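Asks: fold the following.
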Amino acid sequence: MTSGWNDNTPIYLQLKDRVIGMMLDGVLKAGDALPSVRQVAAEYQLNPITVSRAYQELVDDHLVEKRRGIGMYVTEGASEKLLASERERFLREEWPALLERIRRLGLDLDLLLRGTQPGAAQ
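Replies: Okay, the predicted model is just below:
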């Protein structure tokens, strides 16, 4: 995780998103332990309450489970659940705006999907 935080979103949500990204990228897999709250707080100079809040959101979303006395662990099926919800969110929220921009710019969707640039030799 890098420590570049933006001012537009609460840090605990940014931290949560970073952990989710690590799950989606396969860096954190089912059964893996998350770094301790103290470790993350010290490494990124965050208040431990901020880290705890991010971790609690992951627990509330059933992506991470608390194991009393030993830490937080990625739950079974977390990445599949995340992938499904992120795909659904992308199609609902991001794709329509992206498709509209493609149309507005007069870009050929088939060329874009093939990775070919308009006007490039084929």
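Asks: low-scoring stretches of this protein, by residue?
Replies: By pLDDT under 70, the weakly predicted segments of the chain are 1-3, 117-122.
Asks: centroid residue for it?
Replies: Among the residues of the chain, the one closest to the centroid is residue 21, at 3.3 Å (Cα atoms, centre = their mean).
Asks: surely that residue is within a helix?
Replies: Yes. Counting by DSSP: H, G, I helix; E, B strand; the rest coil, residue 21 is found in a helix.
Asks: separation between it and residue 113?
Replies: Separation of residue 21 from residue 113 (Cβ to Cβ, to the nearest Å) stands at 24 Å. Just so you know, the C-beta spots here come from the backbone N, C-alpha and C atoms, and that holds for glycine as well.
Asks: next one: residue 78
Replies: From residue 78 across to residue 113, the span is 30 Å (Cβ to Cβ).
Asks: between those two, which one's more packed in?
Replies: residue 78 (24 against 8; other Cβ atoms under 10 Å).
Asks: for that one, which non-adjacent residue is spatially closest?
Replies: Here the nearest residue to residue 78 in space, its sequence neighbours aside, is residue 63; by Cβ to Cβ, 6 or more residues apart in numbering that works out to 4.4 Å.
Asks: where exactly do the strands run in the chain?
Replies: Along the chain, counting by DSSP state E, strands occupy 64-67, 71-74.
Asks: which of those is buried the deepest?
Replies: Among the strands of the chain, strand 71-74 has the highest mean neighbour count (mean count of other Cβ atoms under 10 Å), at a mean of 19.
Asks: what does that strand contact?
Replies: Contacting residues not belonging to strand 71-74 are listed as 23, 28-34, 36, 55, 58-59, 63-67 [Cβ atoms under 8 Å, 6 or more residues apart in numbering].
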